[in-house]
Each structure stands twice: as structure tokens, then as C-alpha cells.
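> only geometry, no sequence info:
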């Protein structure tokens, strides 16, 4: 893997060759600084070069949906949870979801309403989501029909790995769809992105706090993961403002 692949696309487009050459010339010990530098730049979008109009906003919008996709995995790990239940029957434990959903709406690129643009988006959606859809369908069929209630240890481990791999793959492809759709869609303004990042960060922070209150083995690592994602969103929002 090239070292420049760790960096935001605007940075990679401007200085990717220089980054790869520098890391290749410095050897393995340069990777720690490279990773730290990449993380720092992801958290500071105001420092990115703007090679193409709207490139920073497009990258931030996709990154926000990547944060949402990543947060869904630890949240799923603690379901069902008495402290994070998100449904109309438990409004007190569902409040954290409201700012996250609002942030997602604000950050979503708006597709053109032209017929050819909508047709192109539909084709892209089918191409991008067919594979994860089939993976989830296979998972559902295995759960409903094929999987024994008490499978052998090896089969249980394989099913568990497949379950989480299917969820991660679906999250990745959803982010890919957002990235592809954003090329022709109307991008959110910088102000909307700042608000969206702040709302998502606040919602994830509330979810992290509520998760920490759960008396389960997974509560602490899930709370830490959500807190890290919340901190990333809030840091990027502050830098972009």
C-alpha cells in the first residue's frame, strides 16, 4: 500500500508522489510519523489544498458518512441495550440518534432532479449496492433457514466472521455510493457541513456516555470507540468553522 493512500484525497492529489517518495526513502521507521501526519490532516480539513472546486466539501461530506458507517458497527455490537435503545417506545434512550440523523440530512449531497442525472444515480446505486445486498440476503437466509441453532464451534466462528464482514462491507459500499453520487450532486455548504459535523459529534458523544452506563462487557470498548469518532467529528467541525 502506498503511504499517500492514508491521506485525504486533496492532500494525496497535491503531494502524493512526494509523500510516497519520502516514505520509501526513509524506510519502515517513517510509517509511524506518516500515520500520525495522515490522522492530523484528516482532522484539519481547513489545511487541505483545494485543487478542484468543492473538493474539500466533497471529501468532508464523504468522511462524515464514513464516521456514521463506522459508528454503526460498535452500536450494533451492544444491541439490544437498555441504555442505547433507539425506538419510539424508549424516547429517553433514543435522544442521541436525533442529532445524528439531522446531521446526516444536512451533510447529504443533493442529487440533480434531471432525468438523466437520476437515471445515472439509479444505475450507480444498483452497481454499488448489489454485492452487499446479496451478502446481506445470504446472511438473512442463513439465519432463517440454513444455520443450526447450536452450530459447532468452527461453524459458529465462521458465521460470526461472515456477519461482521458483511456489515463492514455494506458500510463501505454505502460510503462508496455517497462518494460517487457527490461527483454530480449539489454539495452542502461549508456552514452546513460544520453544523452536520457538530450534530453528529454531539450525538455520538451522547451515545458514548449512555453506552458507558451499560453493565455489559462490551460497554467500555464501545463507549471508547464512539467517543473517538465523536471527537474526530467535533475536531473537524471546529477546524472547518
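Cool, got the structure. None of the values given here were measured: they were computed from a predicted structure.
> how about the helices in the protein?
9-26, 31-42, 55-77, 91-94, 97-107, 115-141, 153-181, 190-212, 219-240 (DSSP state H).
> skipping its backbone neighbours, what lies nearest the spatially most central residue of the chain in space?
Centroid-nearest residue in the chain: residue 66, 1.8 Å away (criterion: Cα atoms, centre = their mean). Closest residue in space to residue 66, ignoring its immediate chain neighbours: residue 175 at 5.0 Å, by Cβ to Cβ, 6 or more residues apart in numbering. Glycine gets a C-beta too; all of them are placed from N, C-alpha and C.
> in this structure that neighbour contacts residue 64, no?
No. Assessed by Cβ atoms under 8 Å, residue 175 is found out of contact with residue 64, at 9.8 Å.
> would you single out the least confident of the helices of the chain?
Least confident of the helices of the chain, judged by mean pLDDT, is helix 91-94 with a mean of 72.
> circling back to that earlier point, residue 175 and residue 64: which is more packed in?
Neighbours around residue 175 and residue 64, counted as other Cβ atoms under 10 Å, are more numerous at residue 64. The numbers are 28 against 20.
> correct me, but that one touches residue 192?
No. Counting by Cβ under 8 Å, residue 64 does not reach residue 192; the two are 10.7 Å apart.
> can you pull the residues that touch both of these two?
Shared contacts of residue 64 and residue 192 (Cβ atoms under 8 Å, 6 or more residues apart in numbering): residue 107.
> what lies in contact with stretch 136-149?
Residues from elsewhere that reach stretch 136-149 (Cβ under 8 Å, 6+ apart): 155, 159, 162-163, 166, 170.
> try stretch 107-117
With Cβ under 8 Å, 6+ apart as the test, stretch 107-117 has contacts from 58, 60-61, 64-65, 118, 121, 178, 181-182, 184-188, 192-193, 196-197, 200.
> from those residues, list just the buried residues.
Buried members of the contacts of stretch 107-117, counted by 16 or more other Cβ atoms under 10 Å: 58, 60-61, 64-65, 121, 178, 181-182, 185, 187-188, 192-193, 196-197, 200.
> number of residues surrounding residue 165?
12.
> buried stuff in stretch 14-26?
Buried residues in stretch 14-26 (16+ other Cβ under 10 Å): 16, 19-20, 23.
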